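J.: Whatever this is, show me its structure:
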Amino acid sequence: MAIYTDVKGYVGLRNVGSYQVSGTPWITGSANLDTATVHMVEFPHVSKSFTVINTNTTGSFRVHFQSGSATAVSTPGEWGAQTSAAADDVIAGFHYITVPEGNAAVTFDVKCKRFYISNLSGLNNLTYQVWGELTQIPTKSMFNLTGSGITLTTG
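T.: Numbers count the residues shown, from 1 in each chain. Just a heads-up that it's a prediction; the model follows:
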């Protein structure tokens, strides 16, 4: 049986078996998501799926796959936090999922190498937890997510 690999011999994005087996567990979080900021969460391998948990009793936040045209986040977590604004293309185009307060969780069954969490609630020090199921696919194999439904309003 042949296993699909990319040109360097690594398991690639189209290797079905990489998504059928249980993913490798990966957990992170933050207690410092301030208002009008965005954090980048970057995986060490391409995800099979991930869950974002809002552990706050008040204050919702947003999950999206681009930081936005006005926001260039290059460092993961609170150390790379950048300003986020309601006028940014990702926010203005509604290209996000809101995770409400009260230990609400949203699971994303997607392959990606990173995603973003933004806070426009007016509250500081919001907390979140991330549980990921990772493949063994290197992140350098993953393309950047962009276009219709990610950053653009039409396709």
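
J.: residues contacting F143?
T.: F143 makes contact with L13, according to C-beta atoms under 8 Å, 6 or more residues apart in numbering. C-betas here are computed from N, CA, C, even on glycine.

J.: Swap in 7 Å and give it another go.
T.: Not one residue lies near F143 by C-beta atoms under 7 Å, 6 or more residues apart in numbering.

J.: Check the gap between it and K111 for me.
T.: F143 sits 10 Å away from K111, going by C-beta to C-beta, to the nearest Å.

J.: Beta-bridge partners for the residue most central in space within the chain, please?
T.: Centroid-nearest residue in the chain, with C-alpha atoms, centre = their mean: F115, separated by 2.0 Å. On the basis of DSSP bridges, F115 takes part in beta bridges with V41.

J.: residues contacting it?
T.: V41, V63, H64, F65 are the contacts of F115 under C-beta under 7 Å, 6+ apart.

J.: For ChimeraX, write the select line for the buried members of those.
T.: Those of the contacts of F115 that count as buried under 16 or more other C-beta atoms under 10 Å are selected in ChimeraX with:
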select :41,63,64,65
